[in-house]
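Undergrad: following is a predicted model, sequence given first.
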Amino acid sequence: MKRTILFALCLTFLALAEGTACTVAIVSGKATPDGRPLLWKHRDTGDLDNKVLFLGEGGYKAMGLVNAQDSLAESIWIGFNEAGFSIMNSASYNLRGSDSTSLADLEGELMKEALLACATVDDFERFLQGKPKPLGVEANFGVIDALGGAAFFETNNFSWTKIDVNDQRIAPHGYIVRTNYSFTGAPNEGAGYIRFEAAEKMFYRASGTNNLSVSYLVEHMCIAADNPLSGQSAREGLQYGEREDHFFYFQDCTNRYTSSASVIVQGVKDGESPLLTTMWSMVGFPLAAVVIPIWISPNGTLPTVITGPGSQNALVCDKALELKKQMVPSTRGSTRYYLNATKVYNADQTGITQRLIPVNQDIIKRGNEYLEQWRKTLPDQKEVDDVYKWIDLRVVNIYKSLFGI
């Protein structure tokens, strides 16, 4: 009986780890080329249909990534508000120790509350202090603000440890990466050790060349599919033609079967308007997604391709998931953990991710041009809506012209 119970518990843990295996990072503004902090979340979940919704009531106006079925945005998985406060999380599996409290999995609800209530990193710590305990969480919460604040809070039901990303003694290279364990938790427990090594290696490389930027994260981190333990990578597909198959096990990579979005919140410099905080969002399977910049405008509008009324899916998510079927053609049993690398990259230059890289580069370039203008004079609603109309048209045309969908 004891063996049966233990086996069941192990299966439960593995299922949870598979469904919430996020990779996240915070980059201090001291370490980015333009002096603006970055918050990155690569989301893994059993809910593969994601979209972005606007929160216009109950506190600060905010934008956040939600499950498509969550029409009321009851849980936010990464988001930002009009005060320039941004928050995200990764589940942690080594913080609770002997705590047997049954209340759990309230991270998304807590982050929504924080977005509506907090303007700064200090506000968030006071928010945690004031909330009734147990919190119902076990997570690494990452936050940045418009004053340059940047910190992780490794948090369990009753306590937390603040880790200041601006402190060079803690983050000597100006960034901190987390996966599904906490550095203040039980050693050698939790999950995501291989993904941590992969992300840490790439962030370290970028920091050495002063390249911790939105462009770098979109072009490298958001579409990463490398396993440092086995040495395998999706880029192995470059050795083969588009008609050849080359499968490899990608469940321990940043991008894996359960990856549903990769989102970067770019903060502002001290003194800049917090309304220029930008959420660069790749919604759907990131290897097949187009990056979309989002801002909080007076009316809270969004590009239509990244949102949807009620429980309706986002168009960009649907397109990315349709292309994912070519990359992961079989989902029977463990076959879903094998990626066909030649559908990502190939020698004929027709891989799905391969063809979207210049598209994302162009959108980032265009978005930065708008931001440069808006830093001189904030845009009105029409200006933001005009940009969103361009994004909508661009996204629809790209999927149709490149992939016929």
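TA: Alright, I've got the coordinates.
Undergrad: okay, CA-based contacts and neighbour counts for the rest of this
TA: Noted.
Undergrad: what segments of the stretch 101-250 of the chain are strands?
TA: 139-144, 150-155, 160-164, 175-178, 247-249 (DSSP state E, counting those that start in this stretch).
Undergrad: so what secondary structure elements neighbour the last one?
TA: It refers to strand 247-249. Applying 3 or more C-alpha pairs under 8 Å, 6 or more residues apart in numbering; DSSP states H and E, we find strand 247-249 packed against strand 338-340.
Undergrad: list the buried residues for the next helix-or-strand element following the strand it packs on?
TA: Where DSSP states H and E defines the elements, the next helix or strand beyond strand 338-340 is helix 352-374. Of all the residues in helix 352-374, those buried under the rule 16 or more other C-alpha atoms under 10 Å are 352-357, 359-361, 363-364, 367, 371, 374.
Undergrad: show me the beta-bridge partners of residue 161.
TA: Residue 161 has these beta-bridge partners by DSSP bridges: residue 154.
Undergrad: and the pLDDT at it?
TA: Note on residue 161: pLDDT of 98.
Undergrad: show me what contacts residue 241?
TA: Contacts for residue 241 (C-alpha atoms under 8 Å, 6 or more residues apart in numbering) come out as 342, 346-348.
Undergrad: CSV for the residues you listed, including neighbour count and pLDDT?
TA: Putting the contacts of residue 241 into CSV (neighbours: other C-alpha atoms under 10 Å; pLDDT from 0 to 100) gives the following:
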residue, neighbour count, pLDDT
342, 29, 98
346, 26, 98
347, 15, 98
348, 14, 98
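Undergrad: can you name the two of these that sit furthest apart?
TA: Largest separation among the contacts of residue 241 by C-alpha to C-alpha: 342 and 348, giving 9.4 Å.
Undergrad: pLDDT score for residue 21?
TA: 88.
Undergrad: right, and it touches residue 41 too?
TA: No: if you go by C-alpha atoms under 8 Å, residue 21 and residue 41 don't touch, sitting 10.7 Å apart.
Undergrad: okay, and the common contacts of the two?
TA: residue 90.
Undergrad: hang on, the earlier thing: want to throw the strands of the stretch 101-250 of the chain into TSV with distance to residue 388 and mean neighbour count?
TA: Below are the strands of the stretch 101-250 of the chain laid out as TSV (distance: least, C-alpha to C-alpha, whole Å; neighbours: other C-alpha atoms under 10 Å):
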stretch	distance to residue 388	mean neighbour count
strand 139-144	25	28
strand 150-155	29	26
strand 160-164	35	18
strand 175-178	31	25
strand 247-249	37	18
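Undergrad: tabulate the ones you listed in a markdown table, adding columns for distance to residue 84.
TA: Below are these laid out as a markdown table (distance: least, C-alpha to C-alpha, whole Å):
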| stretch | distance to residue 84 |
| --- | --- |
| strand 139-144 | 8 |
| strand 150-155 | 12 |
| strand 160-164 | 18 |
| strand 175-178 | 19 |
| strand 247-249 | 39 |
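Undergrad: residue 269 is nearest to which of the ones you listed?
TA: Nearest of the strands of the stretch 101-250 of the chain (C-alpha to C-alpha): strand 139-144, 11.3 Å.
Undergrad: any idea how many residues pack against residue 309?
TA: Neighbourhood size, residue 309 [other C-alpha atoms under 10 Å]: 13.
Undergrad: for residue 229, same thing?
TA: For residue 229, the neighbour count with other C-alpha under 10 Å is 11.
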